[in-house]
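Engineer: after the sequence you'll find the predicted model.
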Amino acid sequence: MEQYQKILQFLLTIPGSVKVNDTQIRMHCPVCNKKDNKLYVGLSHNPAFTSKGLKILGYGCKQCLFSGNVGKKFYDTLGIKVDKDLMNFQSIKTGVPKTINKISKYETLNLRIPDFVRPEDKFKLDYLSKRFNRKLTMKDIFTYKIVLNLHDLYTFNNLDILQFTDKSDKKACMSIKYLIDEFSKHFVGILSVDNNKVNLRNINSERLKSKRYMVHVINKNIGNPYLYIPSTKIDLLTPTPTICLAEGNYDIIGAKELYYPEDRTDVVFAAIGTRTAYKRAINQIMKMTGFINATIHIFADNDKDTDLRWYEEMFKDMRHLLDTIHIHYNIANDSNGNPCKDFGNLSNPVELQSYII
């Protein structure tokens, strides 16, 4: 019998514990103290462990977000004592694994999108399917780095939601737990290229109804500017590179769905957050890909000044590094006669007006 099996076998002796399968059990959570057994304990899916062949037990409560690796904190919270042999087995240094690009100095967390959808999150898929104007698949969730449930992103990657918080600051800890719980139930998110920021769209939160979009940062010690890039394959040696940009995540997804529906290896798609960040984003993408002399397509918001001189001025000192720059606007009106303005909702019509600078 392996060590993790011995631990699960021991935990099953605690009143209220039940077996789920050979690698997972369900327990009574001592933190939220709910009647239903919502505390799951099982083998971690964290690639930092699985890539090394380590079989480490993680835990996560579906009710109160009590989560982490099975160890001293877990045993102390449950008020149980275990043999030294079992305690030492789980003495693994935890943290958020990250990669640092030696050239661009860009820090990236090594996270994975959960590979399951909860029944209670189906309404979020329905919301996205309406925006995409087609039914979403699991492939779409991975490609567009969609986070249906923020709590699941943490538990699936075996992350401690309070790792970067002063745990002596009870108010801060309560605030983070509250927000993650609210985000998990009522928001749908998209994960940034560095896997450190989740751009969240409010679907039906009454408590945060004044907040249409919010950004959740996992590790505030990583200072990368916001940049979202869907997970598509790129040929770094392509002779005809293209960079497509938009301000919002859904806008660049809409542009890809409309004009690049088939898989392409010569195109980078990116959302940059704010209008003033186009230049910075292109610089970062060139560092990441080496795409010099790329053709640029900007799918711009049509609710701001459309004077092309603004773009000409912004790009003038890097113009020699780029090929043609195309600026695209959606000038269509919806069924009520209101301007659609952008490319973020494909259930609305699109009428393209394009310029070259």
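Structural biologist: Yep, it's here. Every value quoted in this text rests on a predicted model; they were computed, and no experiment measured them.
Engineer: and stretch 344-357, how far out from the chain's middle?
Structural biologist: 26 Å (Cα atoms, centre = their mean, to the nearest Å).
Engineer: what of stretch 186-197?
Structural biologist: Distance, centroid of stretch 186-197 to centroid of chain: 3 Å (Cα atoms, centre = their mean).
Engineer: average pLDDT across that stretch?
Structural biologist: Here stretch 186-197 scores 97 as its mean pLDDT.
Engineer: can you measure across that stretch, start residue to end residue?
Structural biologist: 17 Å (Cα to Cα, to the nearest Å).
Engineer: buried stuff in it?
Structural biologist: Neighbour counts over stretch 186-197 (16 or more other Cβ atoms under 10 Å) mark 186-197 as buried. The way it works is simple: take the backbone N, C-alpha and C, and place the C-beta from them, glycine included.
Engineer: which one of the residues you listed is nearest residue 352?
Structural biologist: Taking Cβ to Cβ as the measure, residue 352 lies nearest residue 190 of those, at 23.8 Å.
Engineer: so which of the buried residues of stretch 186-197 belong to helices?
Structural biologist: residue 186 (DSSP state H).
Engineer: distance to residue 302 added to the buried residues of stretch 186-197, as TSV?
Structural biologist: Output for those, formatted as TSV (distance: Cβ to Cβ, whole Å):
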residue	distance to residue 302
186	29
187	26
188	25
189	25
190	22
191	27
192	25
193	25
194	29
195	31
196	30
197	26
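Engineer: just the buried residues of stretch 186-197 now: which is nearest residue 126?
Structural biologist: residue 188 (10.4 Å).
Engineer: shouldn't the closest one be in contact with residue 201?
Structural biologist: Yes. Using Cβ atoms under 8 Å, residue 188 makes contact with residue 201 at a distance of 5.5 Å.
Engineer: distance of residue 194 from residue 348?
Structural biologist: 31 Å (Cβ to Cβ, to the nearest Å).
Engineer: do the same with residue 2
Structural biologist: Where residue 348 is concerned, residue 2 sits at a distance of 55 Å (Cβ to Cβ).
Engineer: between the two, which has more neighbouring residues?
Structural biologist: More crowded of residue 2 and residue 348, by other Cβ atoms under 10 Å: residue 348, with 20 against 9.
Engineer: tell me the confidence at that one?
Structural biologist: At residue 348, pLDDT is 95.
Engineer: over to residue 143?
Structural biologist: pLDDT, residue 143: 97.
Engineer: which residues does it contact?
Structural biologist: 230-232 (Cβ atoms under 8 Å, 6 or more residues apart in numbering).
Engineer: where does the stretch 251-357 of the chain dip in pLDDT?
Structural biologist: Across the stretch 251-357 of the chain, the ranges flagged by pLDDT under 70 are 304-306.
Engineer: if you go through it in chain order, where are the helices?
Structural biologist: 278-289, 308-315 (DSSP state H, counting those that start in this stretch).
Engineer: and the ones you listed: which comes nearest residue 129?
Structural biologist: Of all the helices of the stretch 251-357 of the chain, helix 278-289 comes closest under Cβ to Cβ, at 28.2 Å.
Engineer: against residue 301, how distant is residue 78?
Structural biologist: For residue 78, the distance to residue 301 equals 51 Å [Cβ to Cβ].
Engineer: quick one: strands adjacent to the biggest strand by length in the chain?
Structural biologist: Of all segments of type strand in the chain, defined using DSSP state E, the longest is strand 322-330. The strands beside strand 322-330 in its sheet (DSSP bridges) come out as strand 294-299 (parallel), strand 352-356 (antiparallel).
Engineer: quick check: buried residues in it?
Structural biologist: So strand 322-330, judged by 16+ other Cβ under 10 Å, has buried residues 322, 325-330.
Engineer: pick the one among those closest to residue 264.
Structural biologist: Residue 264 lies nearest to residue 326 out of the buried residues of strand 322-330, by Cβ to Cβ, at 16.1 Å.
Engineer: now the nearest residue to that closest one once chain neighbours are set aside: how far from residue 58?
Structural biologist: Using Cβ to Cβ, 6 or more residues apart in numbering and skipping residues adjacent in sequence, the residue nearest residue 326 is residue 297, 4.7 Å away. Shown here: residue 297 relative to residue 58, a distance of 42 Å by Cβ to Cβ.
Engineer: do the same with residue 268
Structural biologist: 34 Å.
Engineer: who has more neighbours out of the two?
Structural biologist: A count of neighbours by other Cβ under 10 Å puts residue 58 above the other of residue 268 and residue 58, at 25 against 22.
Engineer: identify the bridge partners of the more buried one.
Structural biologist: Going by DSSP bridges, residue 58 forms beta bridges with residue 42, residue 69.
Engineer: what separation do you get for it and residue 236?
Structural biologist: 36 Å.
Engineer: per-residue confidence at residue 79?
Structural biologist: At residue 79, pLDDT is 88.
Engineer: ok, and the closest non-adjacent residue to it?
Structural biologist: Closest residue in space to residue 79, ignoring its immediate chain neighbours: residue 30 at 7.0 Å, by Cβ to Cβ, 6+ apart.
Engineer: residues contacting the one you found?
Structural biologist: Here residue 30 is in contact with 77-79 (criterion: Cβ under 8 Å, 6+ apart).
Engineer: go again using 10 Å as the cut-off
Structural biologist: Neighbour list for residue 30: 39, 61, 64, 66, 74, 77-80 [criterion: Cβ atoms under 10 Å, 6 or more residues apart in numbering].
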